[in-house]
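Q: coordinates for the following, if possible.
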Amino acid sequence: MRRDGSKHADRRETVYYDADGRTTEDPARAVAGEIAEYGPHGRRLRRTRFFLSRSELPWLPFGEAAFLLWALAALLVIWASIGLVLRFL
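A: Coordinates of the predicted model:
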């Protein structure tokens, strides 16, 4: 429920900003943006800013997702090894 008693905003406007700070219409090029919701009388009810940062780790020669999968696999192997060692002690 909104402050003015309505449940939903009447109108939404989305603005995207590229890496240089200019507005863009292409969401794929956006690194930041703002969503403004307006009520029935054109009054702004809420403004939400968002930031999209795609930063790669410079010391990592492959993608972050691949790194996380390998780290998960390594942790599972360590966990299974500890379980086997403790079982046979």
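Q: show the contacting residues for Tyr16.
A: Going by Cβ atoms under 8 Å, 6 or more residues apart in numbering, Tyr16 touches 23-27, 29-30, 32-33. Bear in mind the C-beta positions are built from the backbone N, C-alpha and C, glycine included.
Q: name the element it belongs to?
A: Following DSSP states H and E, one finds Tyr16 within strand 11-17.
Q: adjacent strands (with direction) for that strand?
A: Paired with strand 11-17 in the same sheet, following DSSP bridges, are strand 23-24 (antiparallel), strand 32-38 (antiparallel).
Q: measure Arg44 to Ala32 for me?
A: Separation of Arg44 from Ala32 (Cβ to Cβ, to the nearest Å): 19 Å.
Q: which one's more surrounded, those two?
A: Neighbour tally, Arg44 and Ala32, criterion other Cβ atoms under 10 Å: the higher count belongs to Ala32, 15 against 12.
Q: distance check, the more buried one against Phe88.
A: According to Cβ to Cβ, Ala32 and Phe88 sit 55 Å apart.
Q: okay, buried residues for stretch 33-50 please.
A: Neighbour counts over stretch 33-50 (16 or more other Cβ atoms under 10 Å) mark 33, 36-39, 45 as buried.
Q: which two from those end up farthest apart in space?
A: Gly33 and Gly39 (20.8 Å; Cβ to Cβ).
Q: how about Gly21, secondary structure?
A: State at Gly21, reduced to three classes by DSSP: H, G, I helix; E, B strand; the rest coil: coil.
Q: who's in contact with the spatially most central residue of the chain?
A: By Cα atoms, centre = their mean, the chain has its centre lying nearest to Leu52, at 6.4 Å. By Cβ under 8 Å, 6+ apart, the residues touching Leu52 are 30-33.
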